[in-house]
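>>> Structure for the following, please:
(one chain, ligands or ions: 1)
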Amino acid sequence: MTTLVIGARGAVGRHVVAGLQAAGTPVRASVRDLSKADFGPGVDVVQADLTRPETLPAALDGVDHVFLYAEPSGAADFGKAALVAGVERVVLLSSGSVLVPWATNNPIAVEHRMTEELLAGSGPELVPIRPLVLANNARNWAWSIKSERTVRLVHPESVSAPIHERDIAEVALAALSGAEPREVSALLTGAEPLMLREQVGLIAAAIGEPITVEEIDETRAREMFDVGEPEVVEAILHFVRRGTEADGWYRTDTFERIVGRPPLPFATWAADNVAAFR
Ligand SMILES: NC(=O)c1ccc[n+]([C@@H]2O[C@H](COP(=O)([O-])OP(=O)(O)OC[C@H]3O[C@@H](n4cnc5c(N)ncnc54)[C@H](OP(=O)(O)O)[C@@H]3O)[C@@H](O)[C@H]2O)c1
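Reported below is the predicted structural model:
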């Protein structure tokens, strides 16, 4: 029963590999660049790139289950290759945005929905897991916290219930081992609704130093986040703006129902990540 983890160096994928190893499940870890593989002993490492279908047959040989990241351009080819290899179940790290009614046309939701549809239409049983907001997004503040002890925030009162990557991996592991697809594919959030400025406060507490929050407007945010993908910036701004409205954020009990304990608090995420902010 070998499980292939595509994106095994990812923040979530890394914990999926560790969980499979802890459970004694044979695991194969894929990376796009073999020179970057940094796994411990006992992990079979292969090269696989979802945008290069020719890399998939060897990676999938003898594999029963797969965990993978959303990459719409490679999804249909991946589904076909997984079917040929005899894979039984594919667990996709999708996005809760596909379940949010007001986000139907948000490009992040569109991209993840497209990946789900392409995989479901071309390959083995697909079980998407759908976290809405990753706690790891706060790593985007690492540079300015490290260098200036300041975070520039658009809509600092925007609320979300971010989820720790370790908890997402636990849900992925449940999905890989056959948990009821309707349950594991439900909207997945952390336990605590937190304003962005409250997340900064919890990081400040974790590093033991004050951090200044400087509010910026959307125009300044667009300039600061100009990374060549304006539609992604607009998609993120859409979510942040909606988080300032009473019906614009979500907290679900999906994690607790699947795993049987409450999600890890954001303070734990901050403590686990202090090295990124000091
Ligand atoms: N940000 C949010 O709030 C949010 C909300 C809902 C869902 N999500 C989903 O969560 C993902 C981020 O998760 P994360 O933090 O664990 O990601 P991450 O740490 O950035 O890792 C991404 C992984 O994907 C792999 N990958 C990327 N493109 C690939 C390709 N073409 N072929 C094979 N592998 C590929 C990378 O592999 P290499 O090691 O080879 O580079 C890497 O291991 C987002 O991309 C999104 O789909 C995010």
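
>>> ok, A75 to the ligand distance?
Relative to the ligand, A75 is positioned 10 Å away (C-beta to the nearest ligand atom, to the nearest Å). Using the backbone N, CA and C atoms, a C-beta is placed for each residue, glycine as well.

>>> wait, I216
20 Å.

>>> Which of the three states applies to the nearest residue to that residue once chain neighbours are set aside?
With sequence-adjacent residues excluded and distances taken as C-beta to C-beta, 6 or more residues apart in numbering, I216 is closest to R152, at 4.9 Å. Assigned by DSSP: H, G, I helix; E, B strand; the rest coil, the conformation of R152 is strand.

>>> for the one 4 residues further on, same thing?
Of the three states, P156 takes coil under three-state DSSP.

>>> Quick one: list the elements packing against whatever helix or strand T219 lives in.
Using DSSP states H and E, T219 sits within helix 218-224. If you count contacts as 3 or more C-beta pairs under 8 Å, 6 or more residues apart in numbering; DSSP states H and E, helix 218-224 packs onto strand 150-154, helix 230-242.

>>> Among these, single out whichever gets nearest to the ligand.
Checking the helices and strands packed on helix 218-224 against the ligand by C-beta to the nearest ligand atom gives helix 230-242 as the closest, at 8.2 Å.

>>> For the closest one, output the C-alpha coordinates as PDB.
Taking C-alpha atoms only, helix 230-242 is exported to PDB below (Å, rounded to 0.1, in the frame of the first residue of the first chain):
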ATOM      1  CA  PRO A 230      -2.700  41.100 -10.600                       C
ATOM      2  CA  GLU A 231      -5.600  38.700 -10.600                       C
ATOM      3  CA  VAL A 232      -4.100  36.800  -7.700                       C
ATOM      4  CA  VAL A 233      -3.600  40.100  -5.800                       C
ATOM      5  CA  GLU A 234      -7.300  41.000  -6.500                       C
ATOM      6  CA  ALA A 235      -8.400  37.600  -5.400                       C
ATOM      7  CA  ILE A 236      -6.600  37.900  -2.100                       C
ATOM      8  CA  LEU A 237      -7.900  41.500  -1.600                       C
ATOM      9  CA  HIS A 238     -11.400  40.200  -2.200                       C
ATOM     10  CA  PHE A 239     -11.100  37.600   0.700                       C
ATOM     11  CA  VAL A 240      -9.500  40.100   3.000                       C
ATOM     12  CA  ARG A 241     -12.200  42.700   2.300                       C
ATOM     13  CA  ARG A 242     -15.000  40.200   2.900                       C
END
